[in-house]
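Peer 1: take this sequence and fold it.
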Amino acid sequence: MRKGNRLTSYIILAMILGIIVGYFVHRSASPETIDSFSKNIKLLSNIFIRLVQMIIAPLVFTTLVVGIAKLGNLQTVGRVGGKAILWFVSASLVSLLLGLLLVNVFQPGHYIDLSQTDTAGLKDLMGKTQSFSLENFVTHVVPRSAIEAMATNEILQIVIFSIFFGVAAAAIGDYAKPVIHALDITAHIILKMVNYVMNFAPFGVFGAIAAVVAAKGLGIFQFYIIYFAYFILGIAILWVVLLTVGFLILKGRTKELLRRIGSPLLIAFSTTSSEAVFPKLTEELERFGCRDKIVSFVLPLGYSFNLDGSMMYMTFASLAIAQAYGIHLPLGTQLTMLLVLMLTSKGIAGVPRASLVVVLATCAMFNIPPEGVALILPIDHFCDMFRTATNVVGNALATSVVSKWEGELEG
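Peer 2: Numbers count the residues shown, from 1 in each chain. Okay, here's the model as predicted:
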């Protein structure tokens, strides 16, 4: 059995065990024991994610700088970046419009139980919310210190610094080659570290699943089954759209791409963390045939600008909350909200539960009670599993398609 297939099997087994153990604890233990178990078992997931976060900043910096240097000149960087942004903007608009369409057709907000709120979780989110403005957007995107950006894993800020560094290195030419060579070696060392860290993935997956099932149980679905079902329908349609476009461009290799990213997809799904699979996804896309210089440039950009599952959920959740409170929003207002979400979502990369933070701020902007976010918090972990996996698929497709457009897709 291939190592990748073995890891996938272990992750699936960990998910099943997590559900069984979590459900047993939820049904048989006291509330105090459940709370203690959830906190302690989730440490496995936290350890795994922190191990991955440990290598993200150096990996993004080294691979992106080397990738830009290998692209050769500013014209090539601009061409590849332009193609990537074209895909990102198109995919984001489709995702947002799909969420808007579904919520207007099926009216899922009318099925939300107003008594099932999570006020404690809302207070936690409120602390992460800032008023969205041009000033906040700029200060979040543009780093004041490369060291600070790396210390806090602000991927978008790391990308900005790396682009400047890589372009400058490419402009210097041969004089910078020793530095680029050293960074290339460093990137390969970090990718070797990825293999070590991924061995801990099944334990992280088990901890994440067992913790949430123990705390909330599977019964949470009975309160939100219709809301959740319509959301899953939206995710399924979005996958069909993305994979159809991918198939038109990549032809028969789309199936191979999905097979390659199977392990990262499962890890992202079960841990609800796109960051957790960034290093592994980088490795698998290169094995698929994408040139390292394209992967190292497009993938970090995608993590900041191409979150398709999250984008769809933002319009879906915001309008569903309005429906739950009986607030009617004209189509013009909804389209304005869509554009606001398109912009504000780019300024919160790296924020935990970023989708809900944006939804919270957007609701306040459009006079929808922001405390309405507490209505969807109980089911959010399960929604987050699907939107995170969708983000991974979207970024894998984006990187592969740009590689194809550039004639840099091998195999």
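Peer 1: CA atoms for contacts and neighbours, from now on please.
Peer 2: Noted.
Peer 1: centroid-nearest residue for the protein?
Peer 2: Nearest to the mean C-alpha position of the chain, by C-alpha atoms, centre = their mean, lies S274 at 4.0 Å.
Peer 1: for the nearest residue to L7 once chain neighbours are set aside, give me the pLDDT.
Peer 2: Leaving aside its chain neighbours, L7 sits nearest to S263 (6.8 Å; criterion: C-alpha to C-alpha, 6 or more residues apart in numbering). pLDDT, S263: 88.
Peer 1: could you identify the helix or strand that succeeds the host helix or strand of S263?
Peer 2: S263 is part of helix 262-271 when elements are defined by DSSP states H and E. Next in sequence after helix 262-271, counting helices and strands by DSSP H and E, comes helix 278-288.
Peer 1: re the thing from before, pull the contacting residues for the residue nearest to the residue nearest to the centre of the chain when sequence neighbours are not counted.
Peer 2: Closest residue in space to S274, ignoring its immediate chain neighbours: A268 at 5.5 Å, by C-alpha to C-alpha, 6+ apart. Residues near A268 by C-alpha atoms under 8 Å, 6 or more residues apart in numbering: S274, A276, V277, M385, T388, A389, V392.
Peer 1: by neighbours, which of those wins?
Peer 2: V392 (29 neighbours; other C-alpha atoms under 10 Å).
Peer 1: pretty sure it is touching S274, no?
Peer 2: Yes - judged on C-alpha atoms under 8 Å, V392 makes contact with S274 at a distance of 6.7 Å.
Peer 1: just the CA atoms of the helix or strand harbouring K255, as PDB, please.
Peer 2: According to DSSP H and E, K255 maps onto helix 253-260. Provided in PDB are the C-alpha atoms of helix 253-260 (Å, rounded to 0.1, in the frame of the first residue of the first chain):
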ATOM      1  CA  ARG A 253      -6.400  14.500 -15.200                       C
ATOM      2  CA  THR A 254      -9.100  16.000 -12.800                       C
ATOM      3  CA  LYS A 255      -9.700  12.500 -11.400                       C
ATOM      4  CA  GLU A 256      -5.900  12.000 -10.700                       C
ATOM      5  CA  LEU A 257      -5.800  15.400  -9.000                       C
ATOM      6  CA  LEU A 258      -8.600  14.500  -6.600                       C
ATOM      7  CA  ARG A 259      -6.800  11.200  -5.900                       C
ATOM      8  CA  ARG A 260      -3.600  13.100  -5.100                       C
END
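Peer 1: which elements pack onto that helix?
Peer 2: helix 220-250, helix 278-288 (3 or more C-alpha pairs under 8 Å, 6 or more residues apart in numbering; DSSP states H and E).
Peer 1: for those, which one sits closest to K70?
Peer 2: helix 278-288 (15.0 Å; C-alpha to C-alpha).
Peer 1: the closest one vs helix 253-260, what angle?
Peer 2: Helix 278-288 and helix 253-260 are oriented at 140 degrees to each other (axes from the mean of the first three to the mean of the last three C-alpha atoms, to 10 degrees).
Peer 1: in terms of secondary structure, what does helix 278-288 contact?
Peer 2: Using 3+ C-alpha pairs under 8 Å, 6+ apart: helix 278-288 touches helix 31-71, helix 177-198, helix 253-260, helix 292-305, helix 373-405.
Peer 1: so the residue nearest to L7 sits against I12, correct?
Peer 2: No - the pair S263 / I12 is not scored as a contact, 9.5 Å apart, by C-alpha under 8 Å.
Peer 1: the more surrounded of these two?
Peer 2: Neighbour totals were compared for S263 and I12, and S263 leads with 26 against 18 (other C-alpha under 10 Å).
Peer 1: roughly how far does that one sit from P279?
Peer 2: For S263, the distance to P279 equals 12 Å [C-alpha to C-alpha, to the nearest Å].
Peer 1: same check, this time on L331
Peer 2: For L331 relative to P279 (C-alpha to C-alpha), the value is 41 Å.
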